[in-house]
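> next come a sequence and a model predicted from it.
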Amino acid sequence: MRILTSLKTRALAVLALAAFPASAQQAAYRAPRTADGKPNLNGIWQAMNTANWDLEGHAAGMPAKEVVGILGAEFAVPPGLSVVEGDGVIPYLPAALQKKKENYANRIKNDPEVKCYMPGVPRATYMPYPFQIVQSTNNIMFVYEYAGSVRVVNMGTPTKAPADSWMGWSNGRWEGESLVIDVTAQVEDTWFDRSGNFHSDALHVVERYTPRSPDTMMYEATIEDPKTFSRPWKISMPLYRHVEKNAQLMEFKCVEFAEEVLYGHLRKQTQNTGRQ
Amino acid sequence: MSHRDVTSLFAASLLAIVLLAPAPLAAQTANAVKSWTPPKTADGVPDLQGVYSNATTVPFERPKNLGSKEFYTEQEMVERRKAQEAAEAARAAADADPTRVHYDLGQFGLNQRVTAVSNRTSQIVGPEGTIPPLIPEAQARVAAKQAAARGHNFDDAQHRGLSERCIMWGNEGPPMLSPGYNSDVQIVQGPGYVAILQEMIHDTRVIPTDNSSHAPSNLRFWMGDSRGHWEGNTLVVDTTNFTDRTAFRNSSENLHVVERFTKTGPDTLLYQFTVEDPHTWAKPWSAEVTWEKINSPIYEYACQEGNYGLANILSGARAAEREAAAKGK
Amino acid sequence: MRAKFALLTVAAVVFAALPAWAHHAFAQEFDEKRPIKLTGVVTKWEVINPHSWIHLDVKGPDGKVTSWMIEGGSPNALFRQGFTKDSLPPGSEIVVEGFQAKDGANRGVGSNIVFKDGRKLFLGGSAPGADGGAAATAEK
């Protein structure tokens, strides 16, 4: 009798575990606490994948036509698996899929990254540069190396944005071991990656940061945008801590690198050479 | 949507007089501020956190006619306040002139600021109250830059100022200065770091407080490399490694800034800085401003992303050249 | 040695003269010799920095509609006063006095912007007489 009960208990436990989402299983790890008793997410972190090139799975690919003759293999699209959960494909509405294809065809001209525009959320997380979390009780600041992007996550009573912004409006809360951030009011002009994956002004992102070991975190972001996608969809990826002793964010003010693209056509032409 | 009643805010403002100990001369580093013990963060360091306005009615440099006078008396403060209000009314009246090109500043609330009023005659401390003159080496450096740019100032984006280009704004520093509007700064502290976010133009300094060594000297940054440590209740931040294009007040890449952040009360933070550059000034000089806590978050100030202005300026310059060329024919 | 003291008063909201908008070359962008007075309907309000931009459709005397964009101030102080992106909805009828872009485009700076009934769009109580006493400017 006892053995049967024990087997039944174990079977139930296995079933229960299987029903839990991946993050809850990883929540078996209990992160060290900050002095105010919360999971300690302070540190310098970085994703290690090719999501910034293309969220969906992709084999190595040809550089865009505008640059292939100059940058060659250096600007090839490196291969990477999809970070989109499920079948790995973003569930665009038919008209939106058409727009994505147009974006892709014109990605060198239209990717906001070329203009040093702030990347928004979630792209800021997986750009191939570090970001730093400065965690306090009432506010958690995410400082991204790229373009000096920054956002302050309000950990108190949620508030509303007065207008849209490039890095959105973030209200956060703790759910067990996870930091959950609700991001709204992002401008429609950001892309998810260099492949033209995009969204509308109805974008709503819910992020989860869950420590899984002393130097890694799971990052999940649920994307909801009924104007663009047929259903919500989710990306997930590990984030890795920069453990080198002198790790620091460095200044990446990319504005001057975008000036030729943005203003080169407005340069004064000299009479003799046609170009100064 | 309710709008905060500015008049009632004004009327309800507290009038608390905080007496400070004799102000130190620029060369001294000792913290002579009368001590008020700030609460500590959960990590046990002074809690500087909050959103502040660093707006001030104190001019950066002392008006010439005041000579070495560093402080106004209470009576002079009253008279000065009246004069400021009269000047503001005159400016507003001048703005009403439809032939005068200007922005409708009052329309956007940009002429209203929360400020800790001070009786200093200038933000720069000491008997001079002005930026020291440039040494000959610096004068030559500045003259050379101006000569190279002369006649080319509107040729392209690269010839325009850093703020027009949205690369960085003068108020950001370090040292941090009041920009005159959107004068808002947020401090968030995590273990071993103090993060300072300036609303304009969203640059964030993440300063380690372990007194670590500066980055290698071949690495130069627009905003330098900042390293901090605590001295009692004061955060001291040392910044070097500037580029030669930062040029704060015509300084060189040898600019060295030391800032001190001290809470002087629940809602006030005394911000002091000393600036030196032996390739620019014969001696260091210092300034201070008191920041006032405000009850609002920082709002995003995305500059590059909305910078129609630079394209319009270059387009205007090209149009002016076309007009001049057509007239010349 | 005579002791010197710094006195502080706390938390005043001050209306003070702003320094010149030194962040860009006003004179190269807008032309004082091209004053404008436009009456139009807001189509979009770009609530952005460094300057917000009001887009409006202006109907000329011939009935033809042209689109203009008018440069305004940074909206951040407005947020602190409780205004939001919905505070100037499309369809609002406004009157803009200002100056046209130097390059002749349908673009300008608004030095005085009001609703058609004379109310200020946002704040602006500090500019007395702005609505009256204006010299005649070319209506477009």
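On my side now, so go ahead.
> which helix or strand contains A:Y263?
Applying DSSP states H and E as the criterion places A:Y263 in helix A:255-263.
> which SSE is immediately downstream of the helix or strand of chain A with the lowest mean pLDDT?
None of the helices or strands of chain A scores lower by mean pLDDT, DSSP states H and E than helix A:22-26, at a mean of 51. Scanning forward in sequence from helix A:22-26 by DSSP H and E, the next helix or strand is strand A:43-47.
> next, count neighbours for A:P232.
Here the neighbour count serves as a burial measure; for A:P232 (other C-beta atoms under 10 Å in any protein chain shown) it reads 13. Every residue, glycine included, has its C-beta placed from N, CA and C.
> show me the strands in chain A, by range?
For chain A, applying DSSP state E gives strands covering A:43-47, A:131-135, A:139-144, A:150-154, A:169-175, A:178-184, A:204-213, A:216-224, A:233-241.
> ah, wrong one, I meant the stretch 1-150 of chain B
For the stretch 1-150 of chain B, the strands defined by DSSP state E, counting those that start in this stretch occupy B:18-19, B:50-53, B:112-118.
> turn those into TSV, including distance to A:L203, mean pLDDT and mean neighbour count.
Formatted as TSV, the entries for those read as follows, by distance: least, C-beta to C-beta, whole Å; pLDDT from 0 to 100; neighbours: other C-beta atoms under 10 Å in any protein chain shown:
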stretch	distance to A:L203	mean pLDDT	mean neighbour count
strand B:18-19	47	28	14
strand B:50-53	26	97	22
strand B:112-118	33	85	24
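> of those strands, which is nearest chain A?
Minimum separation from chain A across those (C-beta to the nearest C-beta) falls at strand B:50-53, 9.2 Å.
> can you list the strands that that closest one pairs with?
When pairing is defined by DSSP bridges, strand B:50-53 lines up against strand B:184-190 (antiparallel), strand B:285-293 (antiparallel).
> output the lowest mean pLDDT helix or strand found in chain C.
Considering only helices and strands, the least confidently modelled element of chain C by mean pLDDT, DSSP H and E is strand C:7-15, at a mean of 53.
> packing partners of whichever helix or strand comes after that strand?
With elements assigned by DSSP H and E, the helix or strand that comes after strand C:7-15 is helix C:26-29. Helices and strands in packing contact with helix C:26-29 are listed as helix B:308-328; criterion 3 or more C-beta pairs under 8 Å, 6 or more residues apart in numbering or on different chains; DSSP states H and E.
> can I get the helix it packs on as PDB, trimmed to CA atoms?
What follows is helix B:308-328, C-alpha atoms only, in PDB (Å, rounded to 0.1, in the frame of the first residue of the first chain):
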ATOM      1  CA  TYR B 308      14.500  67.700 -37.700                       C
ATOM      2  CA  GLY B 309      16.400  70.800 -36.600                       C
ATOM      3  CA  LEU B 310      19.800  69.800 -38.000                       C
ATOM      4  CA  ALA B 311      18.500  68.900 -41.400                       C
ATOM      5  CA  ASN B 312      16.500  72.100 -41.500                       C
ATOM      6  CA  ILE B 313      19.500  74.200 -40.500                       C
ATOM      7  CA  LEU B 314      21.600  72.700 -43.300                       C
ATOM      8  CA  SER B 315      18.800  73.000 -45.700                       C
ATOM      9  CA  GLY B 316      18.300  76.600 -44.800                       C
ATOM     10  CA  ALA B 317      22.000  77.300 -45.200                       C
ATOM     11  CA  ARG B 318      21.900  75.700 -48.700                       C
ATOM     12  CA  ALA B 319      18.800  77.800 -49.600                       C
ATOM     13  CA  ALA B 320      20.500  81.000 -48.400                       C
ATOM     14  CA  GLU B 321      23.500  80.200 -50.600                       C
ATOM     15  CA  ARG B 322      21.300  79.600 -53.600                       C
ATOM     16  CA  GLU B 323      19.500  82.900 -53.000                       C
ATOM     17  CA  ALA B 324      22.900  84.700 -52.700                       C
ATOM     18  CA  ALA B 325      24.200  83.000 -55.900                       C
ATOM     19  CA  ALA B 326      21.000  83.900 -57.800                       C
ATOM     20  CA  LYS B 327      21.300  87.600 -56.700                       C
ATOM     21  CA  GLY B 328      25.000  87.600 -57.700                       C
END
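> surely C:M69 and C:S52 touch.
No - in this structure, C:M69 sits apart from C:S52 without contact. The criterion is C-beta atoms under 8 Å, and the distance is 10.4 Å.
> ok, those two, which is more surrounded?
C:S52 (23 against 17).
> coming back round to it: show me what counts as buried in the helix holding A:Y263.
A:255-256, A:258-259, A:262-263 (16 or more other C-beta atoms under 10 Å in any protein chain shown).
> mind showing which ranges of chain B have poor pLDDT?
By pLDDT under 70, the low-scoring segments of chain B are B:1-35, B:98, B:329.
> can you do 90?
Counting by pLDDT under 90, chain B contains low-confidence residues at B:1-36, B:57, B:80-81, B:83-107, B:109-118, B:173, B:180, B:328-329.
> which residues touch B:W230?
Counting by C-beta atoms under 8 Å, 6 or more residues apart in numbering or on different chains, B:W230 makes contact with B:45-46, B:209, B:236.
> can I get the buried ones among the residues you listed as something I can paste into ChimeraX?
Per 16+ other C-beta under 10 Å, the buried members of the contacts of B:W230 correspond to this ChimeraX selection:
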select /B:45,46,209,236
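> low-confidence stretches in the chain?
I went with chain A, as the question did not name one. Residue ranges of chain A with pLDDT under 90: A:1-28, A:270-276.
> try chain C instead
Within chain C, the stretches with pLDDT under 90 are C:1-28, C:32, C:111-112, C:123-140.
> ok, 70 please
Chain C contains residues with pLDDT under 70 at C:1-25, C:124-140.
> tell me the residues of it that contact chain A?
Applying C-beta under 8 Å from any C-beta of the partner chain, we find that chain C lies next to chain A at C:47, C:75, C:78-79, C:83-85.
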